[in-house]
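> predicted model, plus sequence, below.
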Amino acid sequence: MKIQVLAEREQKIQTEVREIRKVFFCDLCNKQYKLAMEFEAHLSSYDHNHRKRFKEMREMHGISSRDDRQKREIQRQEREMAKFAQMADTRKQEQQLQQQEESGSAQVSTSQKSATALVDQDQRKALKFGFSSKGGFSKNNPAKAAAKKPKSAVASVFSNDSDEEQ
């Protein structure tokens with residue numbers, strides 16, 4: 001019985017000492033001080049104030065970056081929704097065109113089909129990606145060669161003062 005009383009008293013003393021020491025503990029710097037003067041000197045030290053400013057700066061930056069991140073996420077979702085809506089609209093239009101073709105004009109002439117095929121090919125050429133500035137046409141394209149104008153002589157604005165043969 002006497003041992004239990006001594007153990008309880010010892011435990012109470014330790015908890016009271018911990019409570020008193022908590023007053024001299026700096027949570028920010030994770031440092032424990034025994035004297036009030038040491039703790040006060042620490043609070044006015046460069047190390048403590050630097051950590052304090054750094055923590056405040058990190059919190060402010062965290063708030064702004066979190067807001068920016070949320071804005072970007074919302075914008076990304078809006079873009080995805082717009083893309084899906086556009087895809088749904090085009091799919092709906094394609095289905096309507098197919099229904100119209102099947103119901104009304106099942107006998108489309110072959111010339112119209114070939115004309116639409118040519119238009120589709122022209123669109124594909126226009127959509128080619130690359131480093132060429134010629135719009136995706138090849139050099140050996142006969143239509144382009146026929147459309148090219150022959151070179152004609154143009155009178156020069158400058159007089160021919162050079163020593164070259166004329």
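Received it, and whenever you're ready, just let me know what you need.
> for the chain, which residues score under the pLDDT cut-off?
Regions of the chain meeting the criterion pLDDT under 70 cover residues 104-150, 152-166.
> what residue spans form the domains of this protein?
What automatic domain parsing lists as the domains of the chain is 1-44, 45-103.
> adding distance to Lys151 and mean neighbour count as columns, could you present those domains in TSV?
Just so you know, the C-beta spots here come from the backbone N, C-alpha and C atoms, and that holds for glycine as well. Listed next are those as TSV, based on distance: least, Cβ to Cβ, whole Å; neighbours: other Cβ atoms under 10 Å:
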stretch	distance to Lys151	mean neighbour count
domain 1-44	82	11
domain 45-103	45	10
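> going along the chain, name the strands of the protein.
Remark: strands assigned in the chain by DSSP state E are 25-26, 31-32.
> quick one: the helices in this structure?
Assigned by DSSP state H, the chain shows helices spanning 2-22, 36-43, 46-103, 110-126, 142-147.
> between the strands of the chain, which one is nearest to Glu102?
Among the strands of the chain, strand 25-26 comes nearest to Glu102, with 80.2 Å by Cβ to Cβ.
> packing partners of the closest one?
Identification of packing neighbours for strand 25-26 by 3 or more Cβ pairs under 8 Å, 6 or more residues apart in numbering; DSSP states H and E yields strand 31-32, helix 36-43.
> a markdown table for these, including distance to Glu94?
Putting the helices and strands packed on strand 25-26 into a markdown table (distance: least, Cβ to Cβ, whole Å) gives the following:
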| stretch | distance to Glu94 |
| --- | --- |
| strand 31-32 | 71 |
| helix 36-43 | 72 |
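> right, and those - which one's nearest Lys12?
strand 31-32 (20.7 Å).
> please name the strands paired to that closest one in the sheet, noting orientation.
strand 25-26 (antiparallel) (DSSP bridges).
> about what we covered before: in CSV, list the helices of the chain along with distance to Leu28.
Below are these laid out as CSV (distance: least, Cβ to Cβ, whole Å):
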stretch, distance to Leu28
helix 2-22, 14
helix 36-43, 10
helix 46-103, 5
helix 110-126, 64
helix 142-147, 74
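> out of those helices, which is closest to Cys29?
Counting by Cβ to Cβ, Cys29 lies closest to helix 46-103 out of these; the figure is 5.7 Å.
> kindly provide the distance from Glu38 to Phe24.
For Glu38, the distance to Phe24 (Cβ to Cβ, to the nearest Å) stands at 7 Å.
> with Arg91 instead?
71 Å.
> next one: Lys12
Going from Lys12 to Phe24 by Cβ to Cβ gives 20 Å.
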